[in-house]
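A.B. asks: Return atomic coordinates for the entry below.
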Amino acid sequence: MARVVSLLHYPIKGCAGTPVSGSVVTAAGLAHDRSFMVVDHDYVFRTQRRDPRLAVIRPEVRDDGDVLTLHAPGMAELSVKVDRDGARRGVDLFGNSYTGIDQGEPVARWLTEVLDAPSRLVRVPPEHDRATDGETPGTAGYADSAAVLLIGRTSLDLLHARLVEQGGEPLPMNRFRPNIVVDGWDEPHVEDSVRRVTIGNVLLGYTKLAIRCAVTLVDQETGARAGPEPLRTLATYRRSAAGGVTFGAKFAVLRAGELAVGDEVQVERWAAAAGSMPTSRRR
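C.D. replies: Residues are numbered from 1 along each chain as shown. Below is the predicted model of the structure:
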């Protein structure tokens, strides 16, 4: 039986994830996921692709989202009262224009010191109405594309085996920054074939495979690039016909609700007829 073994949200896009035992799930994903974003002086988003030290910033959301507390090595803790009503600013995410609410000077100075580059923090405004693409359209905060990233534990096990075969070391799941980790599927990459899945009382619909980028080369504990793995090994068996390498699958939220670690993962529809699926996929 497949079950959820790990849940994580990432309050600030590109910063460290926070493990949770359970979560409310909205149309935009796990509560508080990617609801904040670090931007430069031109309000263009910062990413671990260019600013790997984002990984060492550990956000903590408190008081139902009213307070954001930030931690980083060598820095004093900073707590910010979240502004949901301030002036809207245009922000750039992958060349697309959205809006954000600037969270003020104290957090801007703190982020600038950590990243050693002019930085500010913005929050998704309440009226944020972003449409995401893929096989199942949906919405999201400041996530790269879809609301939820799901990975099967056996997919990582296969990658570990391939890395070890080549004399390398296993890598932690946090290199891939999932929201939901599932264990209990006997085969790797079963998530690629899931099209509708119920977890708790939440219904998710498949949008696309996750194309992996240079963020996977960043050690999420130190904020240092530690490549070329896992991309080098993934390129030997996970190349996409559309370009890049894939690991994990992205989903839109079709029915909001709640889910928790330990919840059964009930696949409602596969990409192919159930009769052609391996036994482990019919569970």
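A.B. asks: so I101 is in which element?
C.D. replies: Using DSSP states H and E, I101 falls within strand 96-102.
A.B. asks: what comes into contact with the helix or strand following that strand?
C.D. replies: Later in the chain than strand 96-102, the nearest helix or strand by DSSP H and E is helix 105-115. Contact partners of helix 105-115, identified using CB atoms under 8 Å, 6 or more residues apart in numbering, comprise 38, 46, 51, 53-54, 56-57, 68, 70, 72, 75, 78, 80, 102, 118-121. (Glycine included, C-beta is placed from N, CA and C.)
A.B. asks: Out of those, which end up buried?
C.D. replies: Buried subset of those (neighbour count, 16 or more other CB atoms under 10 Å): 38, 46, 51, 53-54, 56-57, 68, 70, 72, 78, 80, 102, 119-121.
A.B. asks: roughly how far out does stretch 126-143 sit from the chain middle?
C.D. replies: With CA atoms, centre = their mean, to the nearest Å as the basis, stretch 126-143 stands 14 Å off its chain's centre.
A.B. asks: Can you tell me what sits against that stretch?
C.D. replies: Identification of contacts with stretch 126-143 by CB under 8 Å, 6+ apart yields 13, 27-29, 33-37, 45, 84, 93, 98-99, 124, 145-147, 195, 205-208, 250-254.
A.B. asks: Filter these down to the buried ones.
C.D. replies: Those of the contacts of stretch 126-143 that meet the buried threshold are 13, 28-29, 33-37, 45, 93, 98-99, 124, 145-147, 195, 205-208, 250-254, by 16+ other CB under 10 Å.
A.B. asks: Out of the residues you listed, which sit inside helices?
C.D. replies: Assigned to helices by DSSP state H, none of the buried ones among the contacts of stretch 126-143 qualify.
A.B. asks: hmm, back to that, neighbouring strands for the strand holding I101, and are they parallel or not?
C.D. replies: Applying DSSP bridges, strand 96-102 is found paired with strand 88-93 (antiparallel), strand 120-123 (antiparallel).
A.B. asks: how about these in JSON lines, adding distance to W185 and mean pLDDT?
C.D. replies: Listed next are the strands paired with strand 96-102 as JSON lines, based on distance: least, CB to CB, whole Å; pLDDT from 0 to 100:
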{"stretch": "strand 88-93", "distance to W185": "32", "mean pLDDT": "98"}
{"stretch": "strand 120-123", "distance to W185": "36", "mean pLDDT": "98"}
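A.B. asks: From one end of stretch 16-34 to the other, what's the distance?
C.D. replies: By CA to CA, to the nearest Å, the extent of stretch 16-34 from end to end equals 11 Å.
A.B. asks: let me redo that: stretch 157-173
C.D. replies: End-to-end distance for stretch 157-173: 10 Å, by CA to CA.
A.B. asks: Start from the N-terminal end of the stretch 51-200 of the chain and give the helices.
C.D. replies: 105-115, 153-165 (DSSP state H, counting those that start in this stretch).
A.B. asks: Tabulate those in JSON lines, adding columns for mean neighbour count.
C.D. replies: Formatted as JSON lines, these follow (neighbours: other CB atoms under 10 Å):
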{"stretch": "helix 105-115", "mean neighbour count": "17"}
{"stretch": "helix 153-165", "mean neighbour count": "17"}
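A.B. asks: how about JSON lines for those, with distance to I199 and mean pLDDT added?
C.D. replies: Formatted as JSON lines, the helices of the stretch 51-200 of the chain follow (distance: least, CB to CB, whole Å; pLDDT from 0 to 100):
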{"stretch": "helix 105-115", "distance to I199": "33", "mean pLDDT": "98"}
{"stretch": "helix 153-165", "distance to I199": "15", "mean pLDDT": "98"}
